[in-house]
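J.: sharing a model prediction with you, sequence too.
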Amino acid sequence: MHHRRNQDEHPVSPRCDVESGFPRRRLHDALHRRASRPDRRSRRVDGTSGAASPAGARSCASRRDCRSDSRHHVVQPRFGRGLTVSLLRPLAEQLLAALQVPTGATVCELICDAGHLSRELARVIGPGGTLILTETDPELLDACAAQTNGLCTVLTRAIDGGTLDVDGESCDRVASLATLGGTDATSLLREARRVLRPGGTAACIVWDAGALPPHEVALSIALHEEAGLESRFLHGLLAPVRAPEWFSETELRDVARFDGFSQLWLAMIDERPLASELRSLSQERRDAVRRRCEALLAGHAAADGTMRIPVAARLLVSAGA
């Protein structure tokens, strides 16, 4: 598969996850030191208790926190509009190219989140096909289904983050767009192969653990240094994904563009569950976090004030057994 190239692209150092030169040990401290918290339990659509949520998964309690942070009680996805447009859309194009979804296919999406990939899949599948949406958050699942209904047959499955309530050898394609962090990703990838029909294809995009997105790394460091906050949300989102041996891996590179740091900050904070995590901070602390984050990302600011963030990801592909 050809890597996406751009004249503005510059390499991401394997030893430093922000080009300003932050060592991986420091990133490890910022991302992976977690305060001890009691395990929370996820619920299914019917409201019953499910299995314990994987580290970083969005639990019922965290969903209530997200809803209370909005006057309109709108649940916040992992990737809001800003990050979807600038970060995920180019990756989705490469994912769809790898999948080669036929019209009328049955496709299962692992962790649909805000539904960007879902809508693209539904359009390709068409009225004669079926899209099976899976999510750990029932409210995101319902919202995603509402966006895709009418484009194809849509089935929804609320899952525990490690297993799929989908029949074996029932899907032509399985896909996921950077949403496996915070789940039992290895188990879900095994499940992806189980539900594939012979000749089917599973394709998932995950972050490159050796070169995590610089904006997320900078935010994690700023939160730790200026507010003493270890973000459970970011810890889950950026958790490394270990693929089973039958998945091939292809490196993907791209550049995410934002009109300026203010737009990037809005996309990182206000459009995601981080808004609820930062609610307890004073305005002074929040301003300090923002200033530190902006300083860490100064090397990605162009002369015209726009932000150009290099992104490294892995495309995992497997054929049905």
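T.: Done, it's in.

J.: could you use CA atoms for every contact and neighbour count after this?
T.: Fine.

J.: and the gap between V85 and A122?
T.: V85 sits 18 Å away from A122, going by CA to CA, to the nearest Å.

J.: so for these two, which residue has more residues nearby?
T.: Comparing V85 with A122 by other CA atoms under 10 Å, the one with more neighbours is A122, at 26 against 15.

J.: show me what the helix or strand containing the more buried one is packed up against.
T.: Using DSSP states H and E, the element containing A122 is helix 116-125. Where contact means 3 or more CA pairs under 8 Å, 6 or more residues apart in numbering; DSSP states H and E, helix 116-125 is packed against strand 106-109, strand 130-135, helix 138-148.

J.: what comes up buried for the last one?
T.: Of all the residues in helix 138-148, those buried under the rule 16 or more other CA atoms under 10 Å are 138-145, 148.

J.: can I get those in TSV with distance to H224?
T.: As requested, the buried residues of helix 138-148 are arranged in TSV below (distance: CA to CA, whole Å):
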residue	distance to H224
P138	31
E139	30
L140	29
L141	32
D142	34
A143	33
C144	33
A145	36
T148	39
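
J.: of the residues you listed, which is the nearest to L297?
T.: L140 (30.7 Å; CA to CA).

J.: surely that closest one meets I111?
T.: No - in this structure L140 lies outside contact range of I111 using CA atoms under 8 Å: 9.4 Å.

J.: next, F258: phi, psi?
T.: phi -130, psi 150 (degrees, to the nearest 10).

J.: who's it bridged to?
T.: M307 (DSSP bridges).

J.: right, and it touches L266 too?
T.: No - look at F258 against L266 with CA under 8 Å: they stay out of range, at 10.5 Å.

J.: who's more crowded, these two?
T.: For F258 and L266, the more surrounded residue by other CA under 10 Å is F258, and the numbers stand at 22 against 16.

J.: list the contacts of the more buried one.
T.: Applying CA atoms under 8 Å, 6 or more residues apart in numbering to F258 gives the contacts 86, 264, 306-308.

J.: pull the most distant pair out of those residues.
T.: S86 and T306 (12.2 Å).

J.: pull up the overlap in contacts between these two.
T.: 257-258.

J.: and the closest residue to T153 other than its chain neighbours, bridged to which residues?
T.: Nearest residue to T153, sequence neighbours excluded (CA to CA, 6 or more residues apart in numbering): T130, at 4.6 Å. Beta bridges link T130 to T106, T153 when assigned by DSSP bridges.

J.: pull the residues that contact stretch 287-302.
T.: With CA under 8 Å, 6+ apart, stretch 287-302 has contacts from 18-20, 214-215, 218-219, 221-223, 226-227, 260-261, 265, 307-309.

J.: go again using 7 Å as the cut-off
T.: Contact with stretch 287-302 is made by 20, 215, 218-219, 222-223, 226-227, 261, 307-309, as judged by CA atoms under 7 Å, 6 or more residues apart in numbering.

J.: how about it: buried residues?
T.: For stretch 287-302, by 16+ other CA under 10 Å, it's 288-290, 292-294, 296-297, 300-301.

J.: run through the residues that contact the residue nearest to R157 when sequence neighbours are not counted.
T.: Leaving aside its sequence neighbours, R157 sits nearest to T134 (CA to CA, 6+ apart; 4.8 Å). Counting by CA under 7 Å, 6+ apart, T134 makes contact with 109-112, 141, 156-159.

J.: and T134, how close does it get to L88?
T.: 18 Å.

J.: and if you look at L141?
T.: 19 Å.

J.: quick one on the thing from earlier: redo the contacts of T134 as TSV? Include distance to A275 and pLDDT.
T.: What follows is the contacts of T134, written out as TSV (distance: CA to CA, whole Å; pLDDT from 0 to 100):
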residue	distance to A275	pLDDT
E109	27	98
L110	25	98
I111	21	97
C112	21	97
L141	21	96
T156	27	97
R157	27	97
A158	24	96
I159	25	96
